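**Q** mind looking at a prediction? Sequence and model below.
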Amino acid sequence: MRLPLLVLMGLALASPAMAAPDYAPWLIKTAQGPILNGYKSFQSSAARLEQSVQSFCTAPDAAGLDTVKAGFVDTLAAWQKVQWVSYGPVEAFHRGQRMQFWPDKKNAGDRQMLALIKDRKADALEAHRIPFASVAIQGLPAMEMLLFADSQADKVLANADETAFRCQLLAGISNNLHRVGGELVTEWEKPGGAVDILGKIKDGNTPYTDDRQAASQMFNALHGELSAIAEVKLSYAMGANAEEARPSRAESWRAKQSAANIRHNLESLRDVFVGTGPLLASLGKPDQADKLLKATDEALASLSQLKAPLEVEMTSPDGWKRLTTLKTKVKAVAQILETDIANTLELQVGFNALDGD
Amino acid sequence: MHSMVTNRRAFLAACAAFGLVPGLTRAASLSRDIWLAANVAPGRQYALGAFDADGNKVFEVDLPERGHGIALSPDGRTAAAVARRPGTSVAVIDVASGQAIHWLEAPEGRHFHGHGLFSPDGKVLFTSENDYQESVGIIGLWDATDNYTRLGEMSSHGIEPHDIKLMPDGRTLAVANGGIITHPDHGRTRLNLDAMESSLVYMDSRDGRLLEKRILPAALRLLSMRHFDIAPDGTIAMGMQHQTNTEMPPIVALHRRGEDLRLLDLPPDIKDMVHNYCGSVAFSPDGSVFAASCPQGSVVTLWRTTDSAFLGTVAIKDGCGIAPGIKGRQLIMTSGRQGVWRWSPDGAQALKGEYVGSRAWDNHAVRLG
């Protein structure tokens, strides 16, 4: 009498794991939540930054410049929260590169910005011209150079001419950040925009064959951000040891925000991972969500262990070791994604597997 | 002496800054076979990479957007890397120096579809394009002898041309029209699934005249022909994609001029893995074997040309790019999860070079040499 009951129970327990993943709720929730909210936050930070530049330039003083710098740091932080989103409207018109041309291994940003400064071409970044300027001088790294570079920061308040010239550049870039930020919000939010598209893949006539393809794209974007943190934000700058570390290869070394960037990246991924819980649970693997969050928290914890800015940490043997621990923890998160989670969600990490060409 | 050393050092420093391989190494490398393919490094850094038979870097050119197909000039001196659809740029690269020497921009109202081809005399570059106002396929013509000025365009005799290759007669173009309408305002949204028509077209490269057009049976209307290769005897092997997941039709086909398309079915267990998606096709140098990659199943399928017998699969994670190997039945297979393999009937072997293991490789690879 009891045996059939056990068999039935076994079947009942097994069946959720056998079901095909229903990606749609995960896609829609992530788009409406972390992605759209992230872009809105970037847009409003950039709007405040633009406003602070205007205020400073009307009556330039040290306090006003500090406000601009703080506004820059806020805007950079907001961008880092959506940096993982490698697809959709950010791909069109090079919007992503225009907001942050990174990595810039050949220093195109510095070279082109210095040339522009040397030639006093302030109008190159005016609203109607900036779309034609190099992507390397339109966004956050260019603004960081103007505000924080040893060779540039003092010049913002050096004299009236210099201030006026720098103000033109800062106004052009902050306006561009604000405007493109607005475009990103609109393109995700508008009727028929990216959020809508992700919600109606089953109806056909979208860029996606099916929900799985869109899920694969998002999954790969999340994984891609983790590998960018490990391979570019950390390894590339850290070199083989503390003596060979190159702080100027760190992502936002001039503003000393490189570690903060990683924290914003990991926190934004964590938000998406929390939203992955229901999908994993529906597939009989609620424990995998916990495992993923625990690993992410461990990475965040090792980030809190840093004793100095990342740019400084990498140059001391002990700091370099702490960064190695952080890198290991970040890779552990990526490993869980590409094994456990990929298997459960029936997705794979890849480059070509994403869409039809 | 001193100044020579200094110059040499400055030269090397400049090379290091620009990621170039010094001239001597490159001159040596050009005497052997190389393969070219679009790639990406961590942090979304897109590039066109060239590697040798050991998987070492020959050169790499940064690209502003994700690359796709590569056209090689008949003399092997020039490579044109075409942006992935709906891209707007083509990088024309001088192979000897490993530098981009021209950037082509899609004309107003056109965007590229990832593939191009040089004419047999090397004087004209053809690019497959979409005229997105009229939703018709275009073959754009660029003058390679005059700084790649736009010469004009011809109809592709279908919608959404992708792969474009030259038949062994040296004047007939083969074009795969994917059949799906897209518009830049809508990204990659497919706007006409209700009226899709994919076609394989043969046209005269000199005047654009239609010579032969093959479409799929009505029941297979949602199959899209996009990528193919041509054997030395003119046989075309075609890779296709199906636009829904509700059925599992064949995704590989063969064609010979004047005959019907011959659809080749995968074994059921493989079919279950590949998600209706074939990414790339290439014949071995002797034409006796061809490979069709299925990156969504992480397998490359192998077929015998003469009787279209299914030979088996090679497991390559996100394996998509395929190119002829050095000789005989050899093939090169690239992975979107980093790494490149050399396949022969004896098996598949990973290339040892650090370079190919440090890049994720995009859809297509080509052999130069």
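**A** Thanks, I have the structure now.
**Q** tell me which helix or strand of chain B sits lowest on mean pLDDT?
**A** Lowest by mean pLDDT, DSSP states H and E among the helices and strands of chain B is helix B:2-17, with a mean of 33.
**Q** averaged pLDDT, stretch A:51-68. What do you get?
**A** Averaging pLDDT along stretch A:51-68 gives 98.
**Q** what does stretch B:134-151 give?
**A** 94.
**Q** from the chain's centre, how far out does it sit?
**A** 18 Å (CA atoms, centre = their mean, to the nearest Å).
**Q** so is that stretch next to chain A?
**A** No - judged by CB under 8 Å from any CB of the partner chain, stretch B:134-151 stays clear of chain A, getting no closer than 14.0 Å. In short, each C-beta sits where N, CA and C put it, glycine included.
**Q** quick one: contacts of that stretch?
**A** B:73, B:78, B:92, B:102, B:104, B:107, B:110, B:118, B:122-131, B:152-161, B:164, B:173, B:175, B:177, B:181, B:183, B:191-192, B:203, B:208 (CB atoms under 8 Å, 6 or more residues apart in numbering or on different chains).
**Q** quick check: end-to-end length of it?
**A** 20 Å (CA to CA, to the nearest Å).
**Q** now that stretch: buried residues?
**A** Within stretch B:134-151, the residues that count as buried by 16 or more other CB atoms under 10 Å in any protein chain shown are B:Val136, B:Gly137, B:Ile138, B:Ile139, B:Gly140, B:Leu141, B:Trp142, B:Ala144, B:Tyr148.
**Q** closest one of the residues you listed to A:Lys121?
**A** Set against A:Lys121, the nearest of these by CB to CB is B:Tyr148 (28.3 Å).
**Q** and the stretch 101-250 of chain A, which of its residues are near chain B?
**A** Checking the stretch 101-250 of chain A against chain B by CB under 8 Å from any CB, the hits are A:102-103, A:105-107, A:135, A:197, A:204-207, A:209-210, A:212, A:224, A:227-228, A:230-233.
**Q** quick check: next helix or strand after the helix or strand bottoming out on mean pLDDT in chain A?
**A** Lowest on mean pLDDT, DSSP H and E among the helices and strands of chain A sits helix A:2-18, with a mean of 40. Next helix or strand after helix A:2-18 toward the C-terminus (DSSP states H and E): helix A:24-30.
**Q** got the CA coordinates for that following helix in PDB?
**A** This file holds the C-alpha atoms of helix A:24-30, laid out as PDB (Å, rounded to 0.1, in the frame of the first residue of the first chain):
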ATOM      1  CA  ALA A  24       9.700  34.800 -19.800                       C
ATOM      2  CA  PRO A  25       9.000  35.900 -16.200                       C
ATOM      3  CA  TRP A  26      12.800  36.100 -15.500                       C
ATOM      4  CA  LEU A  27      13.400  38.100 -18.600                       C
ATOM      5  CA  ILE A  28      10.600  40.500 -18.000                       C
ATOM      6  CA  LYS A  29      11.300  41.000 -14.300                       C
ATOM      7  CA  THR A  30      15.000  41.700 -15.000                       C
END
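**Q** centroid-nearest residue for the chain?
**A** Assuming you mean chain A. A:Gln83 (1.6 Å; CA atoms, centre = their mean).
**Q** wait, chain B
**A** B:Gly69 (3.5 Å).
**Q** can you report how many residues lie near residue 233?
**A** Reading this off chain A. By the criterion of other CB atoms under 10 Å in any protein chain shown, A:Lys233 has 29 neighbours.
**Q** um, chain B though
**A** With other CB under 10 Å as criterion, B:Asp233 counts 10.
**Q** confirm it sits in a strand?
**A** No - B:Asp233: not assigned to a strand; according to DSSP: H, G, I helix; E, B strand; the rest coil it is coil.
**Q** not counting sequence-adjacent ones, nearest residue to it?
**A** B:Gly287 (6.4 Å; CB to CB, 6 or more residues apart in numbering or on different chains).
**Q** one more: A:Glu225?
**A** In space, A:Glu225 is closest to A:Trp84, 3.6 Å off (CB to CB, 6+ apart).
**Q** repeat that for B:Met196.
**A** B:Gly179 is the one closest to B:Met196 (CB to CB, 6+ apart), at 4.6 Å.
**Q** my guess is the one you found meets B:Ala195, correct?
**A** No - with contact defined as CB atoms under 8 Å, B:Gly179 does not reach B:Ala195; the gap is 9.0 Å.
**Q** okay, the two: which has more neighbours?
**A** The residue with more neighbours, out of B:Gly179 and B:Ala195, is B:Gly179; 28 against 11, by other CB under 10 Å.
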